[in-house]
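J.: what's the 3D shape of this:
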Amino acid sequence: MARPKVHDEALRVRLLDEAGRLLSEEGPAVLSLRTLAKHVGTSTTAVYSLFGSKSALVRAVFLEGFARFGARLAAVPRSDDPITDLLRLGVAYRESAMADPHLYSIMFGPAVPDFEPEPEDTEASQATMKPLLEAVRAARDADLLTDTPAETIAIALWAHAHGLVSLELAAAMPEDFDVESHYQGMLAAALRGWLRNPPTQEN
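T.: All right, here's what the predicted structure looks like:
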């Protein structure tokens, strides 16, 4: 009978989640492979076996965040209405951030000041926005959006969603403002600015 793998994928994911939490909540000075192993209830040897070094661990956290993020965006179904698809992608963006807030700051923020992604890591992170770019192109092909380059529109929509989500995660919104109930409406308002024939408001 084959011996079970001690350092399996489940342990790897637990270590990445805890490393992300320590980095985002307590800062890089707190994170060490020994501290991480203690928090997860495993050995330092196991952490070294899975990641090799602290810098490799931080890189793995960065890549894990984008892997989950990319999977959520890729899972958004495509329909024959690209405008609806764009709104769904914006909702999936927020859902991903709310599901993994401990990874969001490593993906997009200065949680680890001395961490520099490798060129291939940056390429992988940018590839996660492919569903957004494809939806924008579909909307332009359907003559629903202005003639602005698809990349420009995609970046503008991404920046809008990112700004709202970042403010929410930072608890910078007014206390009595329910972001969840207004989020999709705010996305739709931003998207209307790119429509070729935006609907007119009746008085």
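J.: alpha carbons only for contacts and neighbour counts from here, please
T.: Noted.
J.: okay, and for this protein, where does confidence drop off?
T.: The chain contains residues with pLDDT under 70 at 1-7, 111, 199-203.
J.: residue boundaries of the helices in it?
T.: Taking DSSP state H as the criterion, the chain contains helices spanning 9-26, 33-40, 44-51, 54-74, 82-99, 101-108, 119-127, 130-141, 150-169, 179-192.
J.: okay, these, which one's buried deepest?
T.: helix 101-108 (a mean of 22; mean count of other Cα atoms under 10 Å).
J.: follow-up on the earlier one: out of the helices of the chain, nearest to P198?
T.: Among the helices of the chain, the nearest to P198 by Cα to Cα is helix 179-192 (5.8 Å).
J.: Tell me which residues are up against the closest one.
T.: Outside helix 179-192, the residues within contact range by Cα atoms under 8 Å, 6 or more residues apart in numbering are L87, G90, V91, L157, H160, A161, L164, E168, P198, P199.
J.: run the last query once more with 7 Å
T.: Helix 179-192 has contacts (Cα atoms under 7 Å, 6 or more residues apart in numbering) with L87, V91, A161, P198.
J.: Next, the angle helix 150-169 makes with it.
T.: Angle of helix 179-192 versus helix 150-169, following axes from the mean of the first three to the mean of the last three Cα atoms, to 10 degrees, is 160 degrees.
J.: So what angle separates the directions of helix 179-192 and helix 82-99?
T.: Using the same axes, to 10 degrees: helix 179-192 against helix 82-99 is 140 degrees.
J.: Adjust the sequence numbering to begin at 19 for everything that follows.
T.: Yep, numbering from 19; the last one is helix 197-210 now.
J.: quick one: contacts of stretch 51-60?
T.: Defining contact as Cα under 7 Å, 6+ apart, one finds that stretch 51-60 is touched by L33, A37, S61, T62, V65, K72.
J.: Kindly provide the distance from the last one to P46.
T.: If I follow you right, that is K72. Distance of K72 to P46, computed by Cα to Cα, to the nearest Å: 10 Å.
J.: and if you look at the third one?
T.: With distances taken as Cα to Cα, S61 is found 20 Å from P46.
J.: Now do the contacts for the residue nearest the centre of the chain.
T.: The chain has F87 as the residue nearest its centroid, 4.3 Å off, counting by Cα atoms, centre = their mean. F87 makes contact with S114, according to Cα under 7 Å, 6+ apart.
J.: any idea how far it is from L107?
T.: Applying Cα to Cα to F87 and L107 gives a distance of 11 Å.
J.: And R52, by the same measure?
T.: Separation of R52 from L107 (Cα to Cα): 39 Å.
J.: Among the contacts of stretch 51-60, which one lies nearest to R155?
T.: R155 has its nearest neighbour among the contacts of stretch 51-60 in A37, at 37.2 Å by Cα to Cα.
J.: Quick check: chain neighbours aside, which residue is closest to that closest one?
T.: Counting by Cα to Cα, 6 or more residues apart in numbering, L54 is the residue found nearest to A37 once chain neighbours are left out, at 6.5 Å.
J.: Quick check: end-to-end length of stretch 132-140?
T.: This stretch, stretch 132-140, spans 15 Å end to end (Cα to Cα).
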